[in-house]
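**Q** Sequence first, predicted model second:
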Amino acid sequence: DAGVTQSPTHLIKTRGQHVTLRCSPISGHKSVSWYQQVLGQGPQFIFQYYEKEERGRGNFPDRFSARQFPNYSSELNVNALLLGDSALYLCASSLAGSSGYYNEQFFGPGTRLTVL
Amino acid sequence: DAKTTQPTSMDCAEGRAANLPCNHSTISGNEYVYWYRQIHSQGPQYIIHGLKNNETNEMASLIITEDRKSSTLILPHATLRDTAVYYCIPHAGNMLTFGGGTRLMVKP
């Protein structure tokens, strides 16, 4: 079975540009979450989507947005890029959208974004 | 989500059991204890989770104290490939809150 896939693997942008990152969840998973991991730190929660609706949002500015499509894939968009947005962006999928026993999240390999 | 306290780093000899402790004294009644690990430059990997009872799967065992204020992840026969940062995360909602984790170094 294919795991969570993310594209692109690496990306280099300049300040002020816009970026779109993509994620395909594990087949059958309806929930997708996005995390940002800055070098040397643990991942930080950005968004969760379940059944195409936003279920949670972390402490990130409005420059960050996301959406989920009918096939449960997802996009993360970041506008007006800053140097501090350089990070590994991780996507995770899960069966459930909230608490419950079957709520483990399975992560993709991430997209490494470098902002120059 | 509850706050956690984990050792910053631990060493373990290859082939021996690795016991990784975690304190989560403020855990809520509906929060499960999840363990993830992250091997360098890869996405976090789910290991195991539990609510009250001890759990075991093909990767590890999870021992949760009766008062649920602490837990221990056990890797029964550590290999070099188990070298990673291990995160203990009490979790009930829709987001995982990663702390600093424990950097486990498995040595030959």
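**A** That came in fine, so what should we check first? Please read these numbers as outputs of a predicted model, since none were measured by experiment. Numbers count the residues shown, from 1 in each chain, chains lettered A, B, ... in the order given.
**Q** pretty sure A:Thr9 contacts A:Arg112?
**A** Yes - the criterion here is C-beta atoms under 8 Å, and A:Thr9 meets it with A:Arg112 at 7.0 Å. (Each C-beta comes from the backbone N, C-alpha and C, glycine too.)
**Q** low pLDDT regions in chain B?
**A** Low-confidence segments of chain B (pLDDT under 70): B:1-2.
**Q** Chain A contacts on that one?
**A** For chain B, the contact set with chain A under C-beta under 8 Å from any C-beta of the partner chain comprises B:30, B:32, B:34, B:41-46, B:49, B:51, B:85, B:87, B:91-101.
**Q** Quick one, grab the pLDDT at A:Tyr102.
**A** Looking at A:Tyr102, its pLDDT stands at 59.
**Q** Against B:His77, how distant is B:Arg37?
**A** Applying C-beta to C-beta, to the nearest Å, the value for B:Arg37 to B:His77 is 16 Å.
**Q** A:Thr9 and A:Arg112: which is more packed in?
**A** A:Arg112 (16 against 9; other C-beta atoms under 10 Å in any protein chain shown).
**Q** mind listing the helices for chain B?
**A** Counting by DSSP state H, one finds no helices in chain B.
**Q** Which residue comes closest to the residue minimising distance to the centre of chain A once chain neighbours are left out?
**A** In chain A, the residue lying closest to the centroid (C-alpha atoms, centre = their mean) is A:Trp34, at 2.7 Å. Nearest non-adjacent residue to A:Trp34, counting by C-beta to C-beta, 6 or more residues apart in numbering or on different chains: A:Ile46, 4.3 Å away.
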